[in-house]
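[1] Sharing a model that was predicted from the sequence below.
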Amino acid sequence: MFRLDKLNDNELVQRFIQGDHESLEVLIVRHKSRVYSYILLIVKNQDLAEDIFQDTFIKVIRSLKRGKYVENGKFVSWVLRIAHNLIIDHFRKEKLQGTVSNDSSDVDIFNSQKFSEQTIEDQMVYSQILHEVKHLVKELPEDQQQVIYMRHYMGLSFKEIAEQTEVSINTALGRMRYALINLRKLVDEKKLNLSAF
């Protein structure tokens, strides 16, 4: 008897695109634990992790149906990248709405220099710098972009980055080193002034 779970990820993806919905169920079951653990590790909230997990697979389904998945043998990495982007979107929205919880932190985050009053000018300069840095990061190779986002936007340790990207810690550190070297080169080339205060 033919068993779907014997197929590899890309074979299952192709079957799903051709209309076999059971193939997608097999993919979700196969990778649920890893994707969910990754989300939970970052958001540290079970309900939120479940919401983002569901949103991730809704986006996976839509992207597959629109033909936006390029077969490269790394289906789970692609799914994790979608989850990663949804997590960033969530924190960005939360930041815009000004909803920051003090419960999830051991330190009193509201008793921090970061939350002290800034002038409008300070805020504009800082916002402009973040905007420019974000554009610079997009010019880096994908593996370097990934390590920057995971380290600086998501606060993961190099050990966690290495586990999530399935590389050694030395490789993760090397990617960060090259990312910073390349960012400095880009700043020099574009003659940008990124000093705020």
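    Perfect, I can see it now. All values reported here derive from a predicted model rather than from experimental measurement.

[2] per-residue confidence for residue 12?
    The per-residue pLDDT reported for residue 12 equals 91.

[3] Look up the pLDDT of the closest residue to it other than its chain neighbours for me, please.
    Leaving aside its chain neighbours, residue 12 sits nearest to residue 23 (4.3 Å; criterion: C-beta to C-beta, 6 or more residues apart in numbering). The C-beta positions use only the backbone N, C-alpha and C, and glycine is treated the same way. In this model, residue 23 is scored at 91, pLDDT.

[4] Residue 23 contacts residue 4, doesn't it?
    Yes. Contact criterion C-beta atoms under 8 Å: residue 23 and residue 4 qualify, at 6.0 Å.

[5] Compare these two and say which one has the larger neighbour count.
    Ranked by neighbour count (other C-beta atoms under 10 Å), residue 23 and residue 4 place residue 23 first, with 21 against 14.

[6] In contact with the more buried one, which residues?
    When contacts are counted by C-beta atoms under 8 Å, 6 or more residues apart in numbering, residue 23 touches 4, 7, 12-13, 15-16.

[7] Would you confirm that residue 168 contacts residue 162?
    Yes. Here residue 168 lies in contact with residue 162, judged by C-beta under 8 Å, at a distance of 6.0 Å.

[8] more neighbours, these two?
    Higher neighbour count among residue 168 and residue 162: residue 162, with 20 against 11, using other C-beta under 10 Å.

[9] quick one: buried residues of the one helix or strand that one maps to?
    Residue 162 is part of helix 158-165, with elements assigned from DSSP states H and E. Within helix 158-165, the residues scored as buried using 16 or more other C-beta atoms under 10 Å are 158, 160-165.

[10] Only the C-alpha atoms, please, for that helix, written as CSV.
    Only the C-alpha atoms of helix 158-165 are listed here, as CSV (Å, rounded to 0.1, in the frame of the first residue of the first chain):
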residue,chain,number,x,y,z
PHE,A,158,24.3,32.2,18.5
LYS,A,159,23.6,28.6,19.9
GLU,A,160,19.9,29.1,19.1
ILE,A,161,20.7,30.6,15.6
ALA,A,162,23.0,27.6,14.9
GLU,A,163,20.3,25.2,15.9
GLN,A,164,17.5,26.9,13.9
THR,A,165,19.6,27.3,10.7
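
[11] what sits in contact with each of residue 23 and residue 4?
    Contact with both residue 23 and residue 4 is made by residues 12, 15, according to C-beta under 8 Å, 6+ apart.

[12] who does the helix holding residue 162 touch, helix- and strand-wise?
    Applying 3 or more C-beta pairs under 8 Å, 6 or more residues apart in numbering; DSSP states H and E, one finds that helix 158-165 contacts helix 142-148, helix 169-189.
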